[in-house]
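Peer 1: this is the structure alone, sequence omitted:
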Ligand SMILES: [Zn+2]
Ligand SMILES: [Zn+2]
């Protein structure tokens, strides 16, 4: 989704149509990107409207996230985000 390399330990499978809605097709995403999708959309929204990566990345909230995460190293995760924030606070 963010077009970065996905390290082995960051790989997550996302069901384009949620499993609870009978979806079978999956895509590989970074864990952090995957978490983001599910914090933005409900399963119902994913099943109805956002069942392709193309429609997902068209959402403004997703686009903001992708723009931000794209410049991060492939192994970047939430714990790194915390150290970034404390670094900024120290300035
Ligand atoms: Zn998912
Ligand atoms: Zn990603």
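Peer 2: Sure thing, it's come through. This is a predicted model, so every value here is computed, not measured. Ligands and ions are numbered 1, 2, ... in the order given.
Peer 1: is the helix or strand harbouring residue 28 in proximity to ligand 2?
Peer 2: Residue 28 is part of strand 26-30 when elements are defined by DSSP states H and E. Yes. Contact of strand 26-30 with ligand 2 is found when judged by CB under 5 Å from the ion, involving residue 30. For every residue, glycine as well, the C-beta is placed using N, CA and C.
Peer 1: just want the angle from the helix or strand that that strand is followed by to strand 26-30.
Peer 2: For strand 26-30, the following helix or strand on the C-terminal side (DSSP H and E) is helix 31-40. Angular relation of helix 31-40 and strand 26-30 on a 0 to 180 degree scale: 110 degrees, by axes from the mean of the first three to the mean of the last three CA atoms, to 10 degrees.
Peer 1: which residue is nearest the centroid of this protein?
Peer 2: The residue at the geometric middle of the chain, judged as the C-alpha nearest the mean C-alpha position with CA atoms, centre = their mean, is residue 33 (1.6 Å).
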